[in-house]
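>>> A structural model of the following input is requested.
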Amino acid sequence: MGNLYVVPTPIGNLKDITLRAIETLKSVDYIICEDTRRAKILLNYYGIKNKKLLSYFAPHEEKKIPQILKILEKERVALITDSGMPAISDPGYKLIKACLEKSITIEVLPGPSAFLTALVGSGLPTDRFLFLGFLPKKGLQNFLKEYLNLDCTIIFYESPKRILKTLEVIDQILEKAQIVIAKEISKLHEEYIRGDLKEIKEILKNKKLKGEITVIIRKLK
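Prediction:
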């Protein structure tokens with residue numbers, strides 16, 4: 001029986017990877033990844049060659065799991081994503097769950113995660129926090145009402161196209177809140193935008209955002 005290695009990959013700068021992660025990627029037979037093209041960029045950067053790549057991503061992950069389990073009967077396999085820790089806001093957890101049910105050994109390597117990096121850089125309290133992943137496209141107000149009044153820091157991912165709309169919804173729920181927008185973490189144009197709801201909305205109206213955005217918010221008493 002083979003092993004499944006869960007290997008975090010850089011969230012921006014390709015140098016944000018551990019020596020252990022590189023060694024593991026060099027040692028396995030197969031690499032399960034979201035996008036084989038993105039995976040090849042990382043592998044080529046570190047001179048990792050002759051690896052069998054297999055794509056695994058939502059919403060088609062259920063079809064791939066039996067094939068991967070079959071491979072794991074004999075081979076050592078690494079699971080990576082386009083960036084960050086696998087199974088965080090992606091279907092990696094389904095594969096991990098299936099492996100555990102088959103008594104396949106799982107080894108998780110520590111590494112970068114966008115939401116934890118953003119939380120630490122936000123300057124907001126880190127003693128209690130809740131990560132919501134990507135917000136639902138429907139029923140957003142009812143969804144956020146359930147969490148925004150909790151006495152903890154709330155973190156979620158959002159797209160540039162939806163961020164202003166999401167902030168308007170938050171403004172309808174909370175009277176006062178401190179917000180931090182973290183964009184392009186670990187990349188050349190990394191930026192943290194800090195302020196209250198009104199300040200952040202005004203800044204973003206005149207600013208073009210690209211890529212994935214991490215939002216960190218704390219209700220003010």
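>>> strands of the protein, start to end?
Using DSSP state E, the strands assigned to the chain run over residues 3-6, 30-33, 52-55, 77-79, 105-108, 129-134, 153-158, 177-183, 191-196, 213-219.
>>> what's the domain layout of the protein?
Domain assignment for the chain by automatic domain parsing gives 3-108, 114-219.
>>> make CSV from those and add mean neighbour count and mean pLDDT to it.
Any C-beta I mention is one placed from the backbone N, CA and C, and that applies to glycine too. Below are the domains of the chain laid out as CSV (neighbours: other C-beta atoms under 10 Å; pLDDT from 0 to 100):
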stretch, mean neighbour count, mean pLDDT
domain 3-108, 17, 95
domain 114-219, 16, 94
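>>> in a markdown table: the strands of the chain, plus distance to K205.
Below are those laid out as a markdown table (distance: least, C-beta to C-beta, whole Å):
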| stretch | distance to K205 |
| --- | --- |
| strand 3-6 | 40 |
| strand 30-33 | 37 |
| strand 52-55 | 38 |
| strand 77-79 | 40 |
| strand 105-108 | 41 |
| strand 129-134 | 23 |
| strand 153-158 | 16 |
| strand 177-183 | 13 |
| strand 191-196 | 12 |
| strand 213-219 | 15 |
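>>> and these: which comes nearest I96?
strand 105-108 (6.0 Å; C-beta to C-beta).
>>> what is the closest one packed up against?
Other helices and strands packing on strand 105-108, by 3 or more C-beta pairs under 8 Å, 6 or more residues apart in numbering; DSSP states H and E, are strand 3-6, helix 92-101.
>>> what is the longest one packed up against?
Identification of packing neighbours for helix 92-101 by 3+ C-beta pairs under 8 Å, 6+ apart yields strand 3-6, helix 61-71, strand 77-79, strand 105-108.
>>> run the last query once more with 7 Å
Under the contact definition 3 or more C-beta pairs under 7 Å, 6 or more residues apart in numbering; DSSP states H and E, helix 92-101 sits against helix 61-71, strand 105-108.
>>> what's the answer for the first one, then?
Here strand 3-6 touches strand 77-79, strand 105-108, going by 3+ C-beta pairs under 7 Å, 6+ apart.
>>> before we move on, the earlier item: tell me which of the strands of the chain sits nearest to L95.
Among these, the nearest to L95 by C-beta to C-beta is strand 77-79 (6.4 Å).
>>> right, I'll call it a day here.
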